[in-house]
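K.L.:
Predicted coordinates and the sequence they were generated for:
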Amino acid sequence: MATPTAVEQELLELINRARSDPSGEFDQLITNAATATAVTSEITFALEYFSVDLDLLRSQLSAFSSVAPLAWNDSLSIAATDHTVQMIEQDAQEHQLPGESSLLTRIVAAGYSTATTVSENIYAYAYDAIYAHAGFYIDWGYGTGGMQDPAGHRITILNANYTEVGISALAETNSTTAVGPLVVTQDFAARSDYQPMLLGAVIRDGDGDAFYDAGEGLGGISVWATDATGNVSVTTSWASGGFQMELDPGTYTVSFRGGVLTGIASYQVVMGNENVHLYGYYADAVVIPPVYATGDDGMDILTGAGGDDSLDGGAGDDTLDGGDGTDTILGGLGDDYIIGGSSSTDLRDVIYGGDGDDYISGGNGNDELYGDAGMDTIVGGFGVDTIVGGTGDDQLTGEAWSDLIFGGDGNDFINGGFGYDRVNGGAGADRFFHLGIYDHGSDWIQDYTAADGDVLLFGRNATIDQFQVNLTETANAGVAGVEEAFVIYRPTGQIMWALVDGGAQDEINLVLGGTTYDLLV
């Protein structure tokens with residue numbers, strides 16, 4: 001089976017959220033219409049770049065009515081994946097590339113043999129799932145009001161005739177190609193022999209927004225649908241957390257059990273002649289008592305139990321493991337080894353290293369990690385983390401997703417990791433590292449100061465002539481009237497670092513192979 005990845009599941013959930021409330025999707029994507037501010041900085045930039053008329057967008061969306069959600073289809077997914085691979089291999093964004101068959105022919109060849117209608121959305125230059133969805137749904141472009149006219153991608157998403165979709169979202173990390181970093185194909189269709197589905201996802205809602213985000217899905221959960229006569233239909237959630245099953249019209253008790261669940265979460269669902277969407281929430285099934293543990297002055301080992309735990313190591317070189325859940329961990333005095341959790345069901349942790357040279361790993365979830373005093377090593381893990389080094393010469397790594405990193409006092413080494421990170425080195429001579437690949441993103445540095453000894457470190461073999469600095473002011477980025485400095489790696493055209501107020505610097509120093517070069521010379 002070509003089941004969805006976590007990113008593809010998120011794209012499916014975004015489509016179905018929009019179909020359930022077309023007008024309401026405006027507020028899901030736009031946080032402040034007056035200032036044209038969106039849920040991510042990349043979407044905000046696109047709104048500004050295309051001069052999207054948000055009043056017109058809101059008006060257009062009001063003309064649509066809610067429609068039934070779309071089910072996942074393996075054959076459509078195979079067809080979509082084949083096309084995404086072609087876009088990457090041919091480095092182009094087209095619906096029919098040289099040597100490719102038509103959309104209908106491709107879909108039928110993938111096994112979708114009873115199609116009555118088909119359509120396709122493609123985006124070869126997305127950053128992430130929400131950016132791709134916004135691009136399709138807002139349908140920004142060069143038409144009236146900064147949108148495509150007609151808004152074909154949006155119309156496809158909201159078309160009531162479609163019942164299924166297959167989605168392919170592949171990362172493109174080849175620095176020699178123009179497409180990427182995320183290349184997306186969505187193949188929509190309906191078929192003559194279709195039966196309505198109960199569909200949705202089992203999620204551990206780490207950010208509390210009652211919506212699926214990549215990484216929140218729970219695989220291996222049994223989904224039972226029991227009708228009024230006691231007949232039971234059973235399926236199991238995919239690795240992404242998504243699930244679906246064909247059900248006849250009627251009223252069902254749908255329960256989620258097994259896997260990481262230690263209880264049963266149950267919901268009532270009424271099926272008719274259309275697809276129905278349902279979330280199963282981890283929090284509705286699981287109640288684990290929290291652990292409250294405090295160490296003594298020795299070398300303690302404290303472990304959480306999977307709930308919302310509170311651990312305090314006290315003095316000594318302690319080992320603290322919060323486990324799953326939303327934990328609060330205090331290292332205290334000593335050189336502590338602290339991890340927020342090691343499984344995919346770890347949630348948002350708040351960790352304070354305390355005095356000493358600590359090692360801190362956030363694990364999964366959107367964590368807050370504080371090194372405090374000492375020469376600390378902090379790794380954010382998987383999530384949108386906030387990392388604060390504190391005093392001392394710290395080594396700080398965001399790892400995955402878009403992190404917020406503060407070095408604090410000391411000569412810090414800061415690696416934003418994969419994603420578009422925001423960095424403040426603080427006092428001291430700080431080193432800002434970029435791996436030099438597309439997935440590392442473009443890191444924004446708030447306080448680069450050459451006079452303090454700050455330098456940029458590039459993680460690939462390169463020569464100084466492969467870099468350039470572009471100066472331009474970005475609204476609300478820094479001091480009004482002062483330009484930002486964008487350090488660009490010429491072979492790929494990627495912005496490696498964006499230095500806020502960098503135009504005021506006399507030097508921008510880049511270290512290559514142990515040699516320091518001034519990019520402004």
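P.N.:
Nice, I can see it. Numbers count the residues shown, from 1 in each chain.
K.L.:
since we're on the residue lying closest to I30 once chain neighbours are set aside, how many residues are nearby?
P.N.:
Taking Cβ to Cβ, 6 or more residues apart in numbering, and ignoring the residues beside it in sequence, I30 has A38 as its nearest neighbour in space, at 5.6 Å. Every residue, glycine included, has its C-beta placed from N, CA and C. Using other Cβ atoms under 10 Å, the number of residues around A38 comes to 25.
K.L.:
list the contacts for A38?
P.N.:
L29, I30, T31, T44, A46, L47, A134 (Cβ atoms under 8 Å, 6 or more residues apart in numbering).
K.L.:
again with P98
P.N.:
Residues near P98 by Cβ under 8 Å, 6+ apart: Q90.
K.L.:
Now do it against S168, distance only.
P.N.:
P98 is 19 Å from S168, where distance means Cβ to Cβ, to the nearest Å.
K.L.:
avg pLDDT for the longest helix seen in the chain?
P.N.:
Secondary structure of the chain per DSSP state H: the longest helix is helix 74-90. Average pLDDT, helix 74-90: 97.
K.L.:
and if you look at stretch 123-139?
P.N.:
Per-residue pLDDT over stretch 123-139 has a mean of 98.
K.L.:
on that earlier part again, redo the contacts of A38 as JSON lines? Include distance to A110, neighbour count and secondary structure.
P.N.:
Converted to JSON lines, those look like this (distance: Cβ to Cβ, whole Å; neighbours: other Cβ atoms under 10 Å; DSSP: H, G, I helix; E, B strand; the rest coil):
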{"residue": "L29", "distance to A110": "31", "neighbour count": "19", "secondary structure": "helix"}
{"residue": "I30", "distance to A110": "36", "neighbour count": "23", "secondary structure": "strand"}
{"residue": "T31", "distance to A110": "38", "neighbour count": "14", "secondary structure": "strand"}
{"residue": "T44", "distance to A110": "37", "neighbour count": "18", "secondary structure": "helix"}
{"residue": "A46", "distance to A110": "31", "neighbour count": "19", "secondary structure": "helix"}
{"residue": "L47", "distance to A110": "35", "neighbour count": "22", "secondary structure": "helix"}
{"residue": "A134", "distance to A110": "28", "neighbour count": "28", "secondary structure": "helix"}
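K.L.:
Export those residues to CSV and append columns for distance to T397.
P.N.:
CSV is the format used below for these (distance: Cβ to Cβ, whole Å):
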residue, distance to T397
L29, 30
I30, 33
T31, 29
T44, 27
A46, 29
L47, 31
A134, 29
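K.L.:
how about those residues, which pair is most distant?
P.N.:
Using Cβ to Cβ, the contacts of A38 reach their maximum pairwise distance at T31 and A46, which is 14.3 Å.
K.L.:
helices and strands around the very next helix or strand once past the longest helix of the chain, which ones?
P.N.:
The C-terminal neighbour of helix 74-90 among helices and strands, as given by DSSP states H and E, is helix 103-109. Secondary-structure packing of helix 103-109 (3 or more Cβ pairs under 8 Å, 6 or more residues apart in numbering; DSSP states H and E): helix 74-90, strand 115-126, strand 182-191.
K.L.:
from the ones you listed, which stretch is densest packed?
P.N.:
Highest mean neighbour count among the helices and strands packed on helix 103-109 (mean count of other Cβ atoms under 10 Å): strand 182-191, with a mean of 25.
K.L.:
orientation of that one relative to helix 74-90 in degrees?
P.N.:
150 degrees (axes from the mean of the first three to the mean of the last three Cα atoms, to 10 degrees).
K.L.:
so I15 sits in a helix?
P.N.:
Yes - I15: assigned to a helix according to DSSP: H, G, I helix; E, B strand; the rest coil.
K.L.:
which residues does it contact?
P.N.:
P69, L70, H133, I157, V165, Q186.
K.L.:
could I get those residues as TSV with distance to Q148?
P.N.:
Putting the contacts of I15 into TSV (distance: Cβ to Cβ, whole Å) gives the following:
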residue	distance to Q148
P69	24
L70	21
H133	15
I157	13
V165	20
Q186	16
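K.L.:
Closest one to M87 out of the residues you listed, please.
P.N.:
Nearest to M87, judged by Cβ to Cβ, of these is Q186 at 12.7 Å.
K.L.:
Now do the same contact list for the closest residue to that closest one other than its chain neighbours.
P.N.:
Counting by Cβ to Cβ, 6+ apart, N121 is the residue found nearest to Q186 once chain neighbours are left out, at 4.2 Å. For N121, the contact set (Cβ under 8 Å, 6+ apart) comprises F136, H153, T156, I157, V184, T185, Q186, F188.
K.L.:
Of these, which is the nearest to S266?
P.N.:
Checking the contacts of N121 against S266 with Cβ to Cβ, the nearest one is I157 at 31.4 Å.
K.L.:
ok, now which ones touch that closest one?
P.N.:
By Cβ under 8 Å, 6+ apart, the residues touching I157 are I15, A18, R19, N121, F136, Y137.
K.L.:
V39 versus the residue lying closest to the second one once chain neighbours are set aside, what's the distance?
P.N.:
It refers to A18. Closest residue to A18 apart from its sequence neighbours, by Cβ to Cβ, 6+ apart: E25 at 4.3 Å. Distance, E25 to V39, by Cβ to Cβ: 11 Å.
K.L.:
Who has more neighbours out of those two?
P.N.:
E25 (23 against 15).
K.L.:
which residues touch that one?
P.N.:
Residues counted as contacts of E25 (Cβ under 8 Å, 6+ apart) are R17, A18, L61, Y137.
K.L.:
Among those, which one lies nearest to G408?
P.N.:
With Cβ to Cβ as the yardstick, the closest approach to G408 among the contacts of E25 comes from R17, at 39.0 Å.
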